[in-house]
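Asker: curious how this folds, go ahead:
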Amino acid sequence: MNLNKSFPYIVKETLEIQSHIPEPPISKREFLRQCASKKQDESRSPAQLCFQNPPLPGSDSGNFVSIKIIQALHVGYEKRSQILRVRREDSSNLRCPPTNQDIIAKIYDPLYHDYDISDDDPFRGADYDYTHECAAYTHLSDLQGTVIPKFFGSYTLKLRFGDSFRLVRLVLLDWINGPSMNQLKPTDFSRQERQEIMKQIVDAESSLYTKNVSHEDLRPQNVVLDRSSSKGLRVVIIDLGKSVIGRSRNPSDSQLENRYLPGVAISPLLRWNVVFRRHGHFQDWIDWPWQSWLEEQYKDTEATITEEQRAVWKIYDWMLESKPPPS
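Answerer: Numbers count the residues shown, from 1 in each chain. Now for the predicted structure:
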């Protein structure tokens, strides 16, 4: 990876960050509308465009924290975020983030943002990911430290550029001691181990959904296997930047949202049924008949399913003919 001398996320560097409260997340529909309506000036450099497109304001607090970069985990150009393993350096009396452990800094820097077909505005994309991630972690406070990492707050980083500064948002998270599933070979695990992993994934995703959060990007790279648990491998779902607080395509539409029964636990027998292809991104890990296994694992939830729920997660003939997503 060839990074120029101005690249700020280098091991042993110390960054001073300021606590920040983000604005509420915008809907995906509004996000796409903004991206489509705003065209960037191609004559300007990426850095100049960063000044022209500052992050959404929110509000800053008077709390400052110093973090030292210990390890660069996922950094460079064409990244949706820069992922660093860091440790808090300052000696202030702030309880959060902790000072006695390594933590993760996830930095939403549009200067190094990834461009893709559905998200061709890196500035709005960084805003979207940051605000949605913060909102999701706050909403899921009861699940932090179990199926999702602990959340240590949202912050602003000021990076010098010439005689001025540009603002970059970030969050601090618990560091999970283990690799993501895309870094592992399924063949290194027995079928029993892989089935236990998939069972934990289904349970974890379902617990998010019960809290009315749709992850929207559940795939192997966003599932970490924690090796430090005394009970064996523990599944932790990460990357909530695409997540939505709500169950429908338009959570702001109360009539549509209520149709999906917010707050009601829905059996995996419905939502993880083979026809919905929710398991599709994990095909390399699955070498057994998914539906029969699912029915055996969750047969005790059959009695909780109502006719209203069956009507919402109804199986149509066209679903039986559609192809699963790529692994």
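Asker: elements contacting the longest strand belonging to the chain?
Answerer: Taking DSSP state E as the criterion, the chain has its longest strand at strand 59-74. Using 3 or more CB pairs under 8 Å, 6 or more residues apart in numbering; DSSP states H and E, the elements in contact with strand 59-74 are strand 14-21, strand 82-88, strand 103-108. For every residue, glycine as well, the C-beta is placed using N, CA and C.
Asker: could you pull out the helices for this protein?
Answerer: 28-37, 46-52, 122-139, 191-210, 254-259, 268-271, 290-297, 307-312, 317-321 (DSSP state H).
Asker: per-stretch mean pLDDT over these, give me the minimum one.
Answerer: Across those, helix 317-321 has the smallest mean pLDDT, namely a mean of 70.
Asker: in the chain, what helix or strand scores lowest on average pLDDT?
Answerer: Across the helices and strands of the chain, mean pLDDT, DSSP states H and E gives its lowest value to helix 317-321, namely a mean of 70.
Asker: strands paired with the longest strand of the chain, and their directions?
Answerer: Sheet pairing for strand 59-74, assigned by DSSP bridges, gives strand 14-21 (antiparallel), strand 82-88 (antiparallel).
Asker: please identify the most buried of those.
Answerer: strand 82-88 (a mean of 21; mean count of other CB atoms under 10 Å).
Asker: what does that one contact?
Answerer: With CB atoms under 8 Å, 6 or more residues apart in numbering as the contact definition, strand 82-88 has outside contacts at 9, 15, 65-76, 97-99, 101-107, 109, 112, 172, 175.
Asker: which ChimeraX command selects the buried ones in these?
Answerer: Buried residues among those (16 or more other CB atoms under 10 Å), as a ChimeraX selection:
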select :9,15,65,67,69,70,72,75,97,103,104,105,106,107,109,112,172,175
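Asker: show me where the stretch 101-250 of the chain dips below the pLDDT cut-off.
Answerer: The stretch 101-250 of the chain contains residues with pLDDT under 70 at 114-120.
Asker: wouldn't residue 70 be in contact with residue 10 here?
Answerer: No - between residue 70 and residue 10 there is no contact under CB atoms under 8 Å: 11.4 Å.
Asker: please enumerate residues in contact with the longest strand of the chain?
Answerer: 9-21, 81-90, 92, 94, 97, 102-105, 155-156, 172.
Asker: kindly export it (C-alpha atoms) in PDB.
Answerer: Presented in PDB, the C-alpha positions along strand 59-74 are these (Å, rounded to 0.1, in the frame of the first residue of the first chain):
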ATOM      1  CA  SER A  59     -22.700  19.300  18.600                       C
ATOM      2  CA  ASP A  60     -19.200  19.100  20.200                       C
ATOM      3  CA  SER A  61     -18.600  18.900  24.000                       C
ATOM      4  CA  GLY A  62     -15.600  20.100  25.900                       C
ATOM      5  CA  ASN A  63     -14.200  16.700  26.500                       C
ATOM      6  CA  PHE A  64     -10.900  15.900  24.700                       C
ATOM      7  CA  VAL A  65      -9.200  12.500  24.600                       C
ATOM      8  CA  SER A  66      -5.700  11.500  23.200                       C
ATOM      9  CA  ILE A  67      -5.400   8.100  21.500                       C
ATOM     10  CA  LYS A  68      -2.200   6.500  20.300                       C
ATOM     11  CA  ILE A  69      -2.300   4.300  17.200                       C
ATOM     12  CA  ILE A  70      -1.100   0.800  18.100                       C
ATOM     13  CA  GLN A  71      -2.000  -1.100  14.900                       C
ATOM     14  CA  ALA A  72      -3.400  -0.200  11.500                       C
ATOM     15  CA  LEU A  73      -6.100  -2.900  10.800                       C
ATOM     16  CA  HIS A  74      -7.900  -1.600   7.700                       C
END
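Asker: and it, average pLDDT?
Answerer: 94.
Asker: so how far is that strand from its chain's centroid?
Answerer: Mean C-alpha position of strand 59-74 versus that of the full chain (CA atoms, centre = their mean, to the nearest Å) differs by 19 Å.
Asker: and the residue sitting furthest away from the middle of the chain, how far from residue 51?
Answerer: The centre of the chain is farthest from one residue, residue 163, which by CA atoms, centre = their mean lies 34.4 Å away. From residue 163 across to residue 51, the span is 12 Å (CB to CB, to the nearest Å).
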